[in-house]
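> Pasted the sequence and its predicted model underneath.
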Amino acid sequence: MGISSTESKKKTKRILVVSDFTVEHFLDDELKEKFGENGIFLETFYIQYNVFNEEGIEKVKDYDLAILWLNLSDYSSNISYRIEREDAIFNELILFYNKFKVGCNIPVIWIGFDSYEEDLSILYGNVVSGSNIKYNLNYRLAHALQDRDVMINLEKIISKVGETKAYNLKYKYSWSCIYNKNVFCQIASEIAKQYKIMNHNTPKCVILDCDNVLWGGVLSEEGIENIKLGNIGVGKIYQDFQRIILQLYNHGVILSIVSKNDIEDVKSVFNTHSAMILRLNHFACIKVNWENKADNILQIANELNISLNSMVFIDDSIFEINLVNEMLPEVKTILFNKMTIFGELNCFNLMREVDTCSVSLRNETYKTDKQRERLLSLSKSYEEYLNSLEMKIEVRMANDSDYYRASELSLRTNKRTNGSRYTVEKLKERLKDPLYRLYITNVTDKFCDLGIVGVVGVYGREEAAELDLCCLSCRALGRNIEHVMLNEIDKKYKIKKIKTLCTKKNEDFLLFLKDRYKK
């Protein structure tokens, strides 16, 4: 049996930056620092826009990400606007973009155009106009991007930095670069965030206190009628916070509560207060008691079967925050402050587009886990419990609509995985090889449909194949599904080689795979 292992290999990513002005001297250090904070060693390669257009696709092979940053300096906005001119530029840029998507299909982050730089409001005044080519191109190109490619709103970043602090005329005429260092710092941060989003690198669970987090005031002291929550005044801060938490829920983040309170009082707020945005059914776990909060969080991690470093704990008490930091250092903590809390939530990295069906199934699974726990407690043996679940397991070849979920599982799973990670783009590229086959496993039981919980990728011929990808969602653990899944694969292929990459949490699963396929 052959084992292809990259366990000792450094986590290195290659990024190609294409621009029509000088960015290398200012962007490179910022990019490497931001990616380095996430344990990624970055190799960066820079090429001028005109050179790329001449040499084309050969320049983008084997890169993990492409950054496109153009300022269209050759197209002065001082020339009278014509729609034909805008269309010509748009068509040229689309041809340029398509060179990244044909043949290799690497993910692209496009830095939007800056229409502020050549602003002639000193002559015309500050009016909205449809004759701003760069502004119009941003809108048109953003809507033309494929898959998960994105366009970063450069003008929003400039407005955050401050227009007077964003530009440097000395750089413009000495280096052909108009921006100050703080703009490059913000751009690097945004690129790193978008890379995390593309790779589903985000916390899985947020744990919330109630008093002075979901509402203002202490419920047990002030009563439901006096807590601050509503659409005006201070209460609006808490309502807006709840709206953002609801967005996390809608994007698949698991919600839980840990609060020192009386459970009936808390239920009363959720069930009767007209200003509540969140409802009790949004929460997978609710620990409302007077116990140690760190112990409650540990119980939630065990019940949900997720790691502590996938959790974010939000509380207004510095004592509780310090306690969790001391006892559970893997958990990310956020001290709730009305003026800073919204910025603190940038630790979540969510895609705008979401598979609502998959999210709904995942949330339903967590909500029904208590029913499974009760069934287990009433069963005489684990085998009886599994039989009582009335599971139906389907293993089939994946189709186009399954690729997003397959990619998500490969990127998010850390325990029951061989370690292979695939973005949607890389998965599609892999599947172009006729020897590569992708299989998904769908599970239902008597309580709900768990959806797609397992993925297997096999490369090679039936008589001698490599197990390239194998992962199982944590919400399907303890049901012997991995055996059923691989038994179906073994009916089709004789696995001679398995790919293994260590995630620091998948050692047991790697041993399981090696033992299963040993000679």
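Nice, thanks for sending it over.
> Give me the neighbour count for residue 288.
Using other Cβ atoms under 10 Å, the number of residues around residue 288 comes to 18. In short, each C-beta sits where N, CA and C put it, glycine included.
> Next up, phi/psi of it, please.
phi -110, psi 100 (degrees, to the nearest 10).
> And it, what's its pLDDT?
In this model, residue 288 is scored at 96, pLDDT.
> so it bridges to which residues?
residue 259 (DSSP bridges).
> Figure out how far stretch 437-446 is from the centre of its chain.
23 Å (Cα atoms, centre = their mean, to the nearest Å).
> Give the buried residues for that stretch.
For stretch 437-446, the buried set under the neighbour-count rule, 16 or more other Cβ atoms under 10 Å, comprises 437, 438, 439, 440, 441, 442, 443, 444, 445.
> Repeat that for stretch 507-519.
Using 16+ other Cβ under 10 Å as the test for burial, stretch 507-519 gives 509, 510, 512, 513, 517.
> Show the average pLDDT along it.
87.
> isn't residue 512 right next to residue 482, touching?
Yes. Between residue 512 and residue 482 there is a contact at 7.4 Å, judged by Cβ atoms under 8 Å.
> End to end on stretch 204-214, go ahead and measure it.
End-to-end span of stretch 204-214 (Cα to Cα, to the nearest Å): 19 Å.
> Tell me where the chain is predicted with low confidence.
Low-confidence segments of the chain (pLDDT under 70): 1-10, 53-61, 73-81, 103-104, 117-124, 126-130, 519.
> what's the closest residue to residue 251 other than its chain neighbours in contact with, if anything?
Distance criterion Cβ to Cβ, 6 or more residues apart in numbering; nearest residue to residue 251, sequence neighbours excluded, is residue 350 at 4.6 Å. By Cβ atoms under 8 Å, 6 or more residues apart in numbering, the contact set of residue 350 is 197, 202, 247, 248, 251, 253.
> Of all the residues in the host helix or strand of the first one, which ones are buried?
This means residue 197. According to DSSP states H and E, residue 197 maps onto helix 181-198. Neighbour-count burial for helix 181-198 flags 183-198 (criterion: 16+ other Cβ under 10 Å).
> same thing with stretch 152-159?
152, 154, 155, 157, 158.
> Also stretch 226-233?
Applying 16+ other Cβ under 10 Å to stretch 226-233 flags 227, 228, 229, 230 as buried.
> for stretch 250-259, same thing?
251, 252, 253, 254, 255, 256, 257, 258, 259.
> okay but the second one is in contact with residue 359, surely?
To tie it back to what came earlier, the one meant is residue 252. Yes. With contact defined as Cβ under 8 Å, residue 252 and residue 359 form a contacting pair (4.2 Å).
> where do the strands sit along the stretch 301-450 of the chain?
Per DSSP state E, counting those that start in this stretch, the stretch 301-450 of the chain carries strands over the ranges 311-315, 332-335, 392-397, 436-444, 449-461.
> quick check: angle from the last one to strand 436-444?
With axes from the mean of the first three to the mean of the last three Cα atoms, to 10 degrees defining the directions, strand 449-461 sits at 160 degrees from strand 436-444.
> How far does the next helix or strand after strand 449-461 sit from its chain's centre?
Counting by DSSP H and E, the next helix or strand C-terminal to strand 449-461 is strand 464-472. What separates the centre of strand 464-472 from the centre of its chain is 24 Å, taken as Cα atoms, centre = their mean.
> helices or strands up against the next helix or strand after strand 464-472?
Sequence-wise, the next helix or strand downstream of strand 464-472 (DSSP H and E) is helix 481-492. Helix 481-492 sits against strand 392-397, strand 436-444, strand 449-461, strand 464-472, with contacts defined as 3 or more Cβ pairs under 8 Å, 6 or more residues apart in numbering; DSSP states H and E.
> closest one to residue 290 among those strands?
Closest approach to residue 290 among the helices and strands packed on helix 481-492 is made by strand 449-461 (34.5 Å; Cβ to Cβ).
> Just the buried residues of that closest one, please?
So strand 449-461, judged by 16+ other Cβ under 10 Å, has buried residues 450, 451, 452, 453, 454, 455, 456, 457, 458, 459, 460.
> Correct me if wrong: residue 204 contacts residue 310.
Yes. With contacts counted by Cβ under 8 Å, residue 204 reaches residue 310, the gap being 4.1 Å.
> Enumerate every residue touching residue 24.
Residue 24 neighbours (Cβ under 8 Å, 6+ apart): 17, 44, 46.
> do that again at 7 Å, thanks
residue 46 (Cβ atoms under 7 Å, 6 or more residues apart in numbering).
> Next one: it relative to residue 96, how far apart?
Applying Cβ to Cβ, to the nearest Å, the value for residue 24 to residue 96 is 19 Å.
> One more: residue 184?
From residue 184 to residue 96 the distance is 23 Å (Cβ to Cβ).
> What is the nearest of the buried residues of stretch 437-446 to residue 366?
residue 445 (13.6 Å).
> I figured the closest one hits residue 390, correct?
Yes. Counting by Cβ atoms under 7 Å, residue 390 is a contact partner of residue 445 at 6.0 Å.
> The closest residue to residue 449 other than its chain neighbours: neighbouring residues, count only.
The spatial neighbour of residue 449 that comes closest, neighbours along the chain excluded (Cβ to Cβ, 6+ apart), is residue 361 at 5.7 Å. Residues lying near residue 361 (other Cβ under 10 Å) number 21.
> Looks like residue 361 contacts residue 452 (just checking).
No. The pair residue 361 and residue 452 does not pass the contact test of Cβ under 7 Å, sitting 8.4 Å apart.
> What separation is there between residue 152 and residue 165?
19 Å.
> Could you do residue 93 as well?
For residue 93 relative to residue 165 (Cβ to Cβ), the value is 29 Å.
> When these two are compared, which one has more neighbours?
More crowded of residue 93 and residue 165, by other Cβ under 10 Å: residue 93, with 20 against 13.
> which residues sit in contact with the more buried one?
Taking Cβ under 7 Å, 6+ apart as the criterion, residue 93 is in contact with residue 141.
> Following element in sequence after whichever strand or helix holds it, please.
Secondary-structure assignment from DSSP H and E places residue 93 in helix 83-101. Following helix 83-101 in sequence order, the next helix or strand is strand 108-111 (DSSP H and E).
> what packs against that next one?
strand 65-69, strand 150-152, helix 181-198 (3 or more Cβ pairs under 7 Å, 6 or more residues apart in numbering; DSSP states H and E).
> Kindly recompute the last result at 6 Å.
On a contact count with 3 or more Cβ pairs under 6 Å, 6 or more residues apart in numbering; DSSP states H and E, strand 108-111 meets strand 65-69, strand 150-152.
> Check the burial of residue 243 by counting its neighbours.
With other Cβ under 10 Å as criterion, residue 243 counts 11.
> helix/strand/coil for it?
helix (DSSP: H, G, I helix; E, B strand; the rest coil).
> Tell me how far it lies from residue 285.
21 Å.
> what's the answer for residue 322, then?
23 Å.
> before we move on, back to that, could you redo the contacts of residue 350 as a markdown table and give each row secondary structure and distance to residue 111?
As requested, the contacts of residue 350 are arranged in a markdown table below (DSSP: H, G, I helix; E, B strand; the rest coil; distance: Cβ to Cβ, whole Å):
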| residue | secondary structure | distance to residue 111 |
| --- | --- | --- |
| 197 | helix | 16 |
| 202 | coil | 22 |
| 247 | helix | 25 |
| 248 | helix | 27 |
| 251 | coil | 25 |
| 253 | coil | 28 |
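> May I see those residues organised as CSV, with distance to residue 62 added?
Shown next, in CSV, are those (distance: Cβ to Cβ, whole Å):
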residue, distance to residue 62
197, 22
202, 27
247, 36
248, 35
251, 32
253, 34
